[in-house]
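Colleague: okay, here's the prediction I keep looking at, along with the sequence it came from:
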Amino acid sequence: MSFSLDAIRRWPDIESPDLPAIDAADRLILDESAVARAGVGESKLVVIGDGYGALTLGAAAAAVERGTDAAALDIRVHQDPLTGEQALAANAERVGLAGTCRSLPLSAELVGGAGVVVMRLPRSLEALRETAGLIAAHASPDVEVYAGGRLKHMTLAMNDVLREHFDTVDVSHARQKSRVLIARGPHDGCDPQPRRAVHDGLVVCAFGETFAGTSIDIGTRLLLESLPVDIPSDDAVVDMACGSGVVAAWLARRHPELRVYATDQSAAAVASARATVEANGVGDRITVERDDALSLVPDASATLIALNPPFHLGGAIHEGIAPRLFADAARVLRPGGELWTVWNSTLFYRPALERLVGPTRQVARNAKFTVTASVKG
């Protein structure tokens, strides 16, 4: 078949000339793992951390070129961001490889019996530790793991983490500022478990990929200190981009009459938030869903939304993330409803909030962060 990695797009994630859908690390991982992948067959191939489908579809296309029927392929894939899953599905349809892969949680089902795992190295060592332990626990004893990334994001500590669960860790030659770590001989496997910490009586649980881990970042602290004392209980309060679920759990503990709806596109964040709300005994009043913004929430259905918006896309800071969330919050708010947002003061989000939501007032400010309340007109 005719396939080029250059056909991979980021859509429905933000697309921009300075935000590539693939990079040199994707190409190097595919090249380094090519012989191993051909030896095990794609039914035993697992892909973890694929950005927008380059690794998965590159492997699928190579299998088809070797004579494998595309309909027989069953590549198991885990991507933490929901937009990554959506982009993979869209790219697979576009290049004629729909149905060659399936998305799964980071679980035993994902890696069970795997002969080869190809993956992008996560930024977090805890996330890498969780993934390595899971592979060691459930993959084939002769599994080979090809974990790559850009040199600027790799550290020697990653080798050490892999050695906690594998006998050998080899290192590829660098190419175009990228490198691959190759791990063999799994041992001491374990399933991921959330870490826990307690802050002023609030239990915070977090898996490795979750922003801020088990801490409460200073922006979220300022938002919590600033949220209104009186909150209408007619509608569910929304914790948008909920991360570990700190805001949702704090609101439910402070206001026993409230129902809270929490959403995040990160699979790790959603698992963390569910663990957090259960650990605080408020799981009966909080619903946590994996969603891109608030696509599952009806128009004009909320009177208060709390938001600490992300501003990173992978390793890049990008101004386009928050406005997308502001616009969807505006759709979901009832007339007169309020979006309470905390943001790094250097980002100057107020004009976007005024334009997309409505009149915006400053509620609090410290040396780094600003809290605003925007009223839907």
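Modeller: Alright, I've got the coordinates. Numbers count the residues shown, from 1 in each chain.

Colleague: low-confidence ranges in the stretch 251-377 of the chain?
Modeller: 312-319 (pLDDT under 70).

Colleague: can you map out the strands along it?
Modeller: Counting by DSSP state E, counting those that start in this stretch, one finds strands in the stretch 251-377 of the chain at the ranges 260-264, 286-290, 302-307, 312-313, 316-317, 333-344, 360-365, 369-375.

Colleague: paired strands for the second one, with orientation please.
Modeller: The partner list of strand 286-290 in its sheet, established with DSSP bridges, is strand 260-264 (parallel).

Colleague: who touches the strand it pairs with?
Modeller: With Cβ atoms under 8 Å, 6 or more residues apart in numbering as the contact definition, strand 260-264 has outside contacts at 236-243, 245, 247-248, 251-252, 270, 273, 277, 282, 285-291, 293-294, 296-297, 302. No exception for glycine: its C-beta is placed from N, CA and C like everyone else's.

Colleague: looking at the protein, which helix is longest?
Modeller: helix 24-40 (DSSP state H).

Colleague: so what touches it?
Modeller: 5, 45, 51, 54-55, 58-59, 62-63, 66, 115-116, 118-120, 144, 146-150, 172, 175-180, 182.

Colleague: got it, and stretch 335-342?
Modeller: By Cβ under 8 Å, 6+ apart, the list of residues contacting stretch 335-342 reads 219-220, 222-223, 226-228, 300, 302-309, 326, 329-330, 333, 349, 353, 357, 363, 369-377.

Colleague: pull out the buried positions in that stretch.
Modeller: Across stretch 335-342, burial judged by 16 or more other Cβ atoms under 10 Å covers Gly337, Glu338, Leu339, Trp340, Thr341, Val342.

Colleague: just send these back as CSV, with distance to Arg94 too.
Modeller: Shown next, in CSV, are the buried residues of stretch 335-342 (distance: Cβ to Cβ, whole Å):
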residue, distance to Arg94
Gly337, 38
Glu338, 40
Leu339, 35
Trp340, 39
Thr341, 35
Val342, 38
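
Colleague: surely Ser295 meets Ala329?
Modeller: No. Between Ser295 and Ala329 there is no contact under Cβ atoms under 8 Å: 12.0 Å.

Colleague: which of those two has more neighbours?
Modeller: Ala329 (29 against 13; other Cβ atoms under 10 Å).

Colleague: give the contact list for that one.
Modeller: Per Cβ under 8 Å, 6+ apart, neighbours of Ala329: Val238, Met240, Ala293, Leu294, Ile305, Leu307, Leu339, Val357.

Colleague: rewinding a little: sort out which of the contacts of stretch 335-342 are buried, if you could.
Modeller: Taking 16+ other Cβ under 10 Å as the criterion, what is buried in the contacts of stretch 335-342 is 219-220, 222-223, 226-227, 302-309, 326, 329-330, 333, 349, 353, 357, 363, 369-374, 376.

Colleague: got a list of contacts for stretch 245-253?
Modeller: 202-205, 216, 220, 223-224, 227, 231, 237, 239, 242, 258, 260, 262, 269, 272-277, 280, 282, 285-286, 288, 306, 308.

Colleague: can you do 6 Å?
Modeller: With Cβ atoms under 6 Å, 6 or more residues apart in numbering as the test, stretch 245-253 has contacts from 204, 216, 220, 224, 237, 239, 242, 258, 260, 262, 273, 276-277, 280, 282, 285-286, 306.

Colleague: repeat for stretch 64-79
Modeller: Contacts of stretch 64-79 (Cβ under 6 Å, 6+ apart): 1, 42-43, 45-48, 50, 56, 60, 63, 85, 100-101, 103-104, 106, 110.

Colleague: now, of the residues you listed, which are buried?
Modeller: By 16+ other Cβ under 10 Å, the contacts of stretch 64-79 give 42, 45-48, 50, 56, 60, 63, 85, 100-101, 103-104, 106, 110 as buried.

Colleague: the residues you listed in helices, which ones?
Modeller: Per DSSP H, those map to helices at Thr56, Ala60, Ala63, Glu85, Leu110.

Colleague: which residues touch the first one?
Modeller: If I follow you right, that is Thr56. Val47, Asp50, Ile75, Val77, Cys101.

Colleague: how about a cut-off of 7 Å?
Modeller: Counting by Cβ atoms under 7 Å, 6 or more residues apart in numbering, Thr56 touches Val47, Asp50, Ile75, Val77, Leu88, Cys101.

Colleague: for the third one, give me the pLDDT.
Modeller: It stands for Ile75. At Ile75, the model reports a pLDDT of 97.

Colleague: what of Ala72?
Modeller: 89.

Colleague: from here on, call the first residue 503.
Modeller: Okay, using 503 as the starting number, the last item reads as Ala574.

Colleague: number of nearby residues for it?
Modeller: For Ala574, using other Cβ under 10 Å, the count is 12.

Colleague: domain-wise, how is this protein divided?
Modeller: Listed domain ranges for the chain are 507-688, 697-877 (source: automatic domain parsing).

Colleague: sweet, I'm off.
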